[in-house]
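**Student:** Predicted model and sequence below, questions to follow.
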Amino acid sequence: MKSLINHEPKTTVGRFDLFLDGREVKLLIKIYLAEGTLDSLERPTFMQGFKNEIRQTWEGKYGFTSGEDNHASIYNLRIKVKFVDEMGNAHFGVNLIDSDSDSVSRQVFYGARNLAQDFKPASVKLNKRAVYPASDQMKSLLSKNIIDSTRSAFPFYADLFGGQLSLHTESQLKLLVKQIKAADPATVLAVTVYGNNKKQTRTALVQKMRNWGLPGTVIRNSKKIGSSSNPRSGRGDYVKITIKRGFGVVDLDSHPMFRYPSTVSHEFGHMIGLVDEYRCLSKSASDKMAELDFIKANEQRFYEGYYAPGSTNAEQESQASQALLAQWAHDAGTEPAQYGIQSTSLMSSGGKLLARHMLTIRQALIELSGKSDWKIVKL
């Protein structure tokens, strides 16, 4: 069995052990935590809740295949979270708090400053109820954030390149359509295309949107006389999508947006090196996404300035991480994150685990095995 001990992804705060068992076709991640504030009655409940939530959210969704056996064998991901008594044996020291400012950071855990060893546990702040499912009030609030963020994207303007949306823009539109479907499946969106090949382009786009989950999507013919340009870019070949009907007051009880897991499921993503996706796209990440042709150069200014309600600026540490994750997404053949938007993604405001959330694990596999052909597969 091969192992990678105390691995720290190049992205952000993560650290974990990785074990690869080729004989049993098994991939195991281990994370060791130290926590010393709970009493003997509280600690077992917290520990078991933590482990259960991580397994329920992260296991059994995605696996990995290698070209060594022509991608015939799937390495299923297994996760082991172990609480240890000795601070020096932990990847992270857990600081339980009474507020909701949960976080994972590179800062050395305050209880480990005097350790002689070079590898000191990093700091994790968690609410004492972080292992429990979100309350109905929290679910409602987060659903409202997603809905407000989605609604703010309309009217949706996007440039067309040879009658096509850029890869990232189409991915973002698909996300918006699916989120509208989850909240109000009777919503009707209207698609207007300007510039060249209007008829062919709008027919194809409307069909895609119907296939994504909004069968009521309709074609709208422009009443403008003469040429027109995208108000966001000035280009003449573009699409405008509006909400024609529906998606007004959404009954969150009748149309829940998602199963929001406990807070630790999101924070675990940071423990393996992922970043918050509700932060806005940084300039360095925008440059990288244009280089990789996820977006076109003239779209960069729009995406860099995209601030949906509830989004925040990218911290300096995460700016380079966004760019690195975009490169890894390209290498793995997955979609990069949609930044600056509150979405149903686990690393934004929701509970949906996506292929891109496996990228830091894939990169660790590459480092451990010496092979770069690992694929992420949905189980």
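**Tutor:** Here it is on my side, so go on.

**Student:** how close does Ala90 sit to Gly60?
**Tutor:** Distance from Ala90 to Gly60, counting by CB to CB, to the nearest Å: 26 Å. Heads up, the C-betas are built off the backbone N, CA and C, glycines and all.

**Student:** likewise His357?
**Tutor:** Plainly put, His357 is 14 Å away from Gly60 if you go by CB to CB.

**Student:** Quick check: next helix or strand after the helix or strand of the chain with the lowest mean pLDDT?
**Tutor:** For the chain, counting by mean pLDDT, DSSP states H and E, strand 103-108 ranks last in confidence among helices and strands (a mean of 63). Remark: after strand 103-108, the chain's next helix or strand is strand 122-127, criterion DSSP states H and E.

**Student:** buried sites along that next one?
**Tutor:** Ala122, Ser123, Val124, Lys125, Leu126, Asn127 (16 or more other CB atoms under 10 Å).

**Student:** Could you do stretch 130-137 as well?
**Tutor:** Ala130, Val131, Pro133, Ala134.

**Student:** Tell me which of these fall in strands.
**Tutor:** Of the buried residues of stretch 130-137, none are assigned to strands by DSSP state E.

**Student:** Same list (these) but as CSV, adding distance to Val193 and pLDDT.
**Tutor:** What follows is the buried residues of stretch 130-137, written out as CSV (distance: CB to CB, whole Å; pLDDT from 0 to 100):
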residue, distance to Val193, pLDDT
Ala130, 47, 80
Val131, 49, 82
Pro133, 44, 73
Ala134, 41, 71
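
**Student:** all helices of the stretch 201-350 of the chain, in order?
**Tutor:** Here the stretch 201-350 of the chain has its helices, by DSSP state H, counting those that start in this stretch, at 263-271, 283-291, 300-304, 316-332.

**Student:** Leu281 touches Ala326, doesn't it?
**Tutor:** No - between Leu281 and Ala326 there is no contact under CB atoms under 8 Å: 9.5 Å.

**Student:** shared neighbours of the two, which are they?
**Tutor:** The contact sets of Leu281 and Ala326 overlap at Met289 (CB atoms under 8 Å, 6 or more residues apart in numbering).

**Student:** Domain boundaries for the protein, per the record?
**Tutor:** Annotated domains of the chain cover 2-133+368-378, 137-245 [automatic domain parsing].

**Student:** okay, how far is it across the longest one, tip to tip?
**Tutor:** Pointing back at domain 2-133+368-378 there. One end of domain 2-133+368-378 sits 24 Å from the other (CA to CA, to the nearest Å).

**Student:** Provide the secondary structure category for Asn76.
**Tutor:** Using DSSP: H, G, I helix; E, B strand; the rest coil, the structure places Asn76 in strand.

**Student:** Against Leu160, how distant is the closest residue to it other than its chain neighbours?
**Tutor:** In space, and not counting its chain neighbours, Asn76 is closest to Gly63: 4.9 Å by CB to CB, 6 or more residues apart in numbering. Distance, Gly63 to Leu160, using CB to CB: 37 Å.

**Student:** For those two, indicate the residue with more neighbours.
**Tutor:** Neighbours were counted for Gly63 and for Leu160 using other CB atoms under 10 Å; Leu160 has more, 23 against 18.

**Student:** Between Ala90 and Gly60, which is the more surrounded one?
**Tutor:** Counted by other CB under 10 Å, Ala90 and Gly60 do not tie: Ala90 has more neighbours, with 26 against 13.

**Student:** how far out from the middle of the chain is stretch 182-201?
**Tutor:** 26 Å (CA atoms, centre = their mean, to the nearest Å).

**Student:** Going by neighbour count, list what's buried in that stretch.
**Tutor:** In terms of neighbour count (16+ other CB under 10 Å), stretch 182-201 has its buried residues at 182-184, 187-195, 198, 201.

**Student:** That stretch spans what distance, first to last residue?
**Tutor:** Across stretch 182-201, the terminal residues are separated by 26 Å (CA to CA).

**Student:** Now that stretch: average pLDDT?
**Tutor:** For stretch 182-201, mean pLDDT rounds to 92.

**Student:** now stretch 328-345
**Tutor:** 94.

**Student:** May I have it exported as CSV, CA atoms only?
**Tutor:** Extracted in CSV, the C-alpha atoms of stretch 328-345 (Å, rounded to 0.1, in the frame of the first residue of the first chain):
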residue,chain,number,x,y,z
TRP,A,328,-6.5,21.2,-12.3
ALA,A,329,-10.1,21.2,-13.6
HIS,A,330,-8.9,21.6,-17.1
ASP,A,331,-6.4,18.7,-16.6
ALA,A,332,-9.1,16.5,-15.2
GLY,A,333,-11.7,17.3,-17.8
THR,A,334,-14.2,18.8,-15.2
GLU,A,335,-15.9,22.1,-14.9
PRO,A,336,-14.3,24.8,-12.8
ALA,A,337,-16.3,26.5,-10.0
GLN,A,338,-18.7,29.4,-10.6
TYR,A,339,-17.4,32.0,-8.3
GLY,A,340,-19.1,35.1,-7.0
ILE,A,341,-22.5,33.4,-6.8
GLN,A,342,-24.5,31.7,-4.0
SER,A,343,-25.2,28.2,-5.4
THR,A,344,-26.2,24.7,-4.4
SER,A,345,-22.6,23.6,-4.5
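
**Student:** No further questions, thank you.
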